[in-house]
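structure for this input, please:
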Amino acid sequence: MSTHVTVTLSDEVYGRAERLAQLSHRDVSDVLSEAITVSLPQLRPRSELLPPVESLTDEHVIALTDLQLTPDRDKRLSALLRQQQASTMSEVERSELAALMQIYQEGLLRKAQALQEAVRRGLREPLRP
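Okay, here's the model as predicted:
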């Protein structure tokens, strides 16, 4: 199944896609579709979804409010972000950064859900503005 989408690209980006399509004897739309597919992180299948925070014990909720990346992952993420800023990333590093960012974002969302649940249960005080 496919969905037709209209996207506005800069002339420079379209030119790169067009050149790659010419070199690989493919349609520009196929090149762009592949580039989008490769660049979007793979989300967990529904069967692997974590249990809702509301269903966790108080101890688990409190533990999630302190959730952080492991020191090694945090250090690697920082290094990759510096490389991205300096525009010195390889494709492999770009993929690694995307995967680490997904882990970070999922963890941040889970932590926020746990904080909300901890406040609702009276386990934590609400955060002050």
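
buried set for the helix or strand of the chain at the bottom of the mean pLDDT ranking?
Across the helices and strands of the chain, mean confidence by mean pLDDT, DSSP states H and E is lowest for helix 28-39: a mean of 84. For helix 28-39, the neighbour count (16 or more other Cβ atoms under 10 Å) marks 31-32 as buried. C-beta: built from backbone N, CA, C; applies to glycine.

so which bits of the next helix or strand after it are buried?
Once the chain leaves helix 28-39, the next helix or strand it forms, by DSSP states H and E, is helix 58-65. The neighbour-count check on helix 58-65 (16+ other Cβ under 10 Å) flags 61-62, 64-65 as buried.

what helix or strand is the spatially most central residue of the chain located in?
In the chain, the residue lying closest to the centroid (Cα atoms, centre = their mean) is Q102, at 2.8 Å. Assigned by DSSP H and E, Q102 falls within helix 91-121.

just the pLDDT for the residue in the chain sticking out farthest from the centre.
For the chain, the residue at maximal distance from the C-alpha centroid (Cα atoms, centre = their mean) is H25, at 31.7 Å. H25 carries a pLDDT value of 89.
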